[in-house]
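> structural data only, the sequence is not supplied:
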């Protein structure tokens, strides 16, 4: 998570504890957190796809040939 979002979350948490957070701020917090999670999920998907394509194909015939 970026430093900006992390610091803003701390501010929102404090306002929740103090019961001073407004409904608009709550909506802003939810939108920011969702956006950050979506971005992280997208990065993770791309990373997994790169790792999957980087692996060498397995030669199953050669593996089976070694058994017999």
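Noted; the coordinates are in hand. Predicted, not measured: the structure shown is a model, and the values here were computed from it. Numbers count the residues shown, from 1 in each chain.

> all contacts plus neighbour counts: C-alpha atoms, from now on.
Noted.

> for burial, what's the neighbour tally of residue 33?
For residue 33, the count of nearby residues is 16 (other C-alpha atoms under 10 Å).

> tell me the centre residue of the chain?
The C-alpha lying nearest the average C-alpha coordinate of the chain belongs to residue 40 (C-alpha atoms, centre = their mean; 2.9 Å).

> what's the mean pLDDT across whichever strand or helix holds residue 6?
Residue 6 belongs to helix 3-18 when elements are defined using DSSP states H and E. Helix 3-18 carries an average pLDDT of 92.

> could you give me the buried positions within it?
9, 12 (16 or more other C-alpha atoms under 10 Å).

> and that helix, what does it pack onto?
On a contact count with 3 or more C-alpha pairs under 8 Å, 6 or more residues apart in numbering; DSSP states H and E, helix 3-18 meets helix 23-54.

> now find how far off-centre the next helix or strand after the helix it packs on is within its chain.
Next along the chain after helix 23-54, taking DSSP H and E as the criterion, comes helix 60-67. Helix 60-67 sits 39 Å away from the centroid of its parent chain (C-alpha atoms, centre = their mean, to the nearest Å).

> please apply the same query to stretch 27-40.
Centroid separation between stretch 27-40 and its chain, computed with C-alpha atoms, centre = their mean, is 11 Å.

> and that stretch, what's buried?
For stretch 27-40, burial by neighbour count (16+ other C-alpha under 10 Å) applies to 29, 33.

> what mean pLDDT does it have?
In this model, stretch 27-40 carries a mean pLDDT of 87.

> ok, residue 29 touching residue 9?
Yes: using C-alpha atoms under 8 Å, residue 29 is in contact with residue 9, at 7.2 Å.

> let me know the pLDDT of residue 56.
Note on residue 56: pLDDT of 66.

> one more: the one 3 residues further on?
At residue 59, the pLDDT value in this model is 76.

> dihedrals phi and psi, it?
Backbone geometry at residue 59, expressed as degrees, to the nearest 10, gives phi -90, psi 90.

> and for it, the neighbour number?
Using other C-alpha under 10 Å, residue 59 has 8 other residues around it.
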